[in-house]
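Chemist: I'd like to go over a predicted model; first the sequence, then the structure.
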Amino acid sequence: MRVSFYLFALVLLKCLLQPLPARPSALPAVPVTTAADSLHLTLAQAEQLFLEKNLPLLAQKSAIEASKAAILQAKLFENPVLSLDQSLYNPENGRYFDVSRNGQTFVQLEQLVFLAGKRNKRVQVETLNSQLTEQAFFDLLRTLRFALRSNMVELYYKQQGYAVLREKTQSVQQLVTALEGQYRKGNIALKEITRLKALLFQLGNQQLSLLNEIQERQSELRLLTHTPASTVLVPALDETALNDVTGDQFTFGQLLETAQENRYDLKSAQTQVQVQEANLKLQKALAVPDLTLSANYDRQSNFIRNYTGLGVSLPLPLWNRNQGNINMARHQVQQSQHLLEQQQLEVETQVMQAYRKAQEAQQFYNSFDPNFRKDFDRLLEGITSSFMRRNISLIEFLDYYETYTDSMTQLLELSTTRLRALEEINFVVGKPVISY
């Protein structure tokens, strides 16, 4: 009986005392598919792929070109209008379509001339609208870049956590196999192997849940980088740079100033005020009637034969002086000004929130013992030795085991939370001021 127990203890020691890396960075990547289907990307490579192939960005670039075409269209003059009136039948000579000197022909050429600078004002409105389209592109870029960088970081640490769970699951599975042999020999009680199988089931559920989250992050990154659905993206991040990066070098005032200079949604709100002001000027100009010039030739039907003349037509602004559109444009100016104030307030609030969140996450991260992982590994070795000497029960040993797994998962989540908080600073200020 004693010999069988020591054999079991040796098997247990071999299964559990596997050398673990000191930091999460050394954990292996998740081999979800074959290596041929994997694409290892640094953050810079992912951003380059994103800028070149992201479909929403490409679509917004096309929208910019379309807005420039609208400017070109606004610059064009109205086409002249040519009118021709030919008599169908001449009863005096019985001819149809008589184009001789005895027939009737009327020709008129008209040209619409915009007054009050309408054409230039339309060009100004379209130019500002084009600026809005460009600003929408950069704001979309800001949003999608935040999604890209955040997903890269989250995927990196979730793959680390998956590797921890997978390694522990394999170790527990080996233990279950060893214990089943000992149970058949009558060396251990049924409750011990049942408890170990329950732990194996728990680890399997955690592993499956984390794998689902990894697949979600993979899907997001594949959409952002326009990579094939069969490709497994593996973030190749520098763990040392991730651990050393911080936002403590910035003050709130510096971040707010950067945001005011680089937030394109704020610039868009400012441009929108200019658009409405330009539109108000245009609506006032539209109250001024446009001039129509004409040149006429009439062969027979005027007071003399072969009549030529010039004409001018002008609508009389007696009732419709564009009052409704002018009044609407005034209110739209006020509306855009209020929205600009709201956007300025939102930017300031978002910067403060991100700044405080990053500070809190960094403070908690700094208070965390960097040697915690190594110390816990050594503790687990001691717990295993104690179990071999029967100083602790299997239940106590498994409790330490569960605590280790949970702590490693929480450690990786803490790293993810801290880096996401730093990425939120990049997001709210409008450009990557924090890099790693």
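Modeler: Structure received.

Chemist: in stretch 187-201, which residues are buried?
Modeler: For stretch 187-201, burial by neighbour count (16 or more other CB atoms under 10 Å) applies to 187-188, 192-193, 195-197, 199-200. Where you see a C-beta, it was placed from the backbone N, CA and C, and this is true even at glycine.

Chemist: what helices or strands is whichever helix in the chain runs longest leaning on?
Modeler: Longest helix of the chain, by residue count under DSSP state H: helix 118-184. With contacts defined as 3 or more CB pairs under 8 Å, 6 or more residues apart in numbering; DSSP states H and E, the packing partners of helix 118-184 are helix 2-16, helix 43-53, helix 55-75, helix 190-225, strand 232-235, helix 264-286, helix 394-429.

Chemist: hang on, the earlier thing: for the buried residues of stretch 187-201, which one is nearest Pro91?
Modeler: Nearest to Pro91, judged by CB to CB, of the buried residues of stretch 187-201 is Leu200 at 109.2 Å.

Chemist: pretty sure the closest one sits against Thr177.
Modeler: No. If you go by CB atoms under 8 Å, Leu200 and Thr177 don't touch, sitting 10.6 Å apart.

Chemist: distance to Leu155 and pLDDT for the buried residues of stretch 187-201 - can I get that in a markdown table?
Modeler: Converted to a markdown table, those look like this (distance: CB to CB, whole Å; pLDDT from 0 to 100):
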| residue | distance to Leu155 | pLDDT |
| --- | --- | --- |
| Asn187 | 44 | 76 |
| Ile188 | 41 | 76 |
| Glu192 | 38 | 78 |
| Ile193 | 36 | 81 |
| Arg195 | 34 | 85 |
| Leu196 | 31 | 82 |
| Lys197 | 31 | 88 |
| Leu199 | 27 | 85 |
| Leu200 | 26 | 88 |
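
Chemist: Three-state assignment for Ser83, please.
Modeler: Of the three states, Ser83 takes strand according to DSSP: H, G, I helix; E, B strand; the rest coil.

Chemist: is it true that Phe250 lies in a helix?
Modeler: No. Counting by three-state DSSP, Phe250 is not part of a helix but coil.

Chemist: now it: how far from Leu422?
Modeler: Phe250 is 10 Å from Leu422, where distance means CB to CB, to the nearest Å.

Chemist: and the two? which has more neighbours close in?
Modeler: Shown here are Phe250 and Leu422; by other CB atoms under 10 Å, Leu422 has more neighbours (25 against 17).

Chemist: distance of that one relative to Leu51?
Modeler: 21 Å.

Chemist: what helix or strand does Val312 sit in?
Modeler: Assessed by DSSP states H and E, Val312 sits inside strand 307-313.

Chemist: contact partners of that strand?
Modeler: With CB atoms under 8 Å, 6 or more residues apart in numbering as the test, strand 307-313 has contacts from 291-299.

Chemist: mind checking pLDDT for the residue lying closest to Phe372 once chain neighbours are set aside?
Modeler: In space, Phe372 comes closest to Leu411 once its chain neighbours are excluded; the distance is 7.0 Å by CB to CB, 6 or more residues apart in numbering. The score at Leu411 is 87. That number is its pLDDT.

Chemist: cool, and Asn320?
Modeler: 96.

Chemist: also the one 5 residues further on?
Modeler: For Asn325, the pLDDT comes out at 98.

Chemist: again, but for the one 3 residues further on
Modeler: Among the per-residue scores, Met328 holds a pLDDT of 98.

Chemist: which residues touch the closest residue to Gly430 other than its chain neighbours?
Modeler: Of all residues not flanking Gly430 in the chain, Asn262 sits nearest, at 3.2 Å (CB to CB, 6+ apart). Asn262 is in contact with 429-431, counting by CB under 8 Å, 6+ apart.

Chemist: from these, pick the one nearest Leu39.
Modeler: Lys431 (26.4 Å).

Chemist: so the closest one makes contact with Ala259?
Modeler: No. The pair Lys431 / Ala259 is not scored as a contact, 9.1 Å apart, by CB under 8 Å.

Chemist: among these two, which residue is more densely surrounded?
Modeler: Comparing Lys431 with Ala259 by other CB under 10 Å, the one with more neighbours is Ala259, at 23 against 16.

Chemist: and the more buried one, what element?
Modeler: For Ala259, the enclosing helix or strand under DSSP H and E is helix 252-262.

Chemist: try Gln111
Modeler: Assigned by DSSP H and E, Gln111 falls in strand 105-113.

Chemist: tell me the angle that strand makes with strand 307-313.
Modeler: 30 degrees (axes from the mean of the first three to the mean of the last three CA atoms, to 10 degrees).

Chemist: no further queries at this time; thank you.
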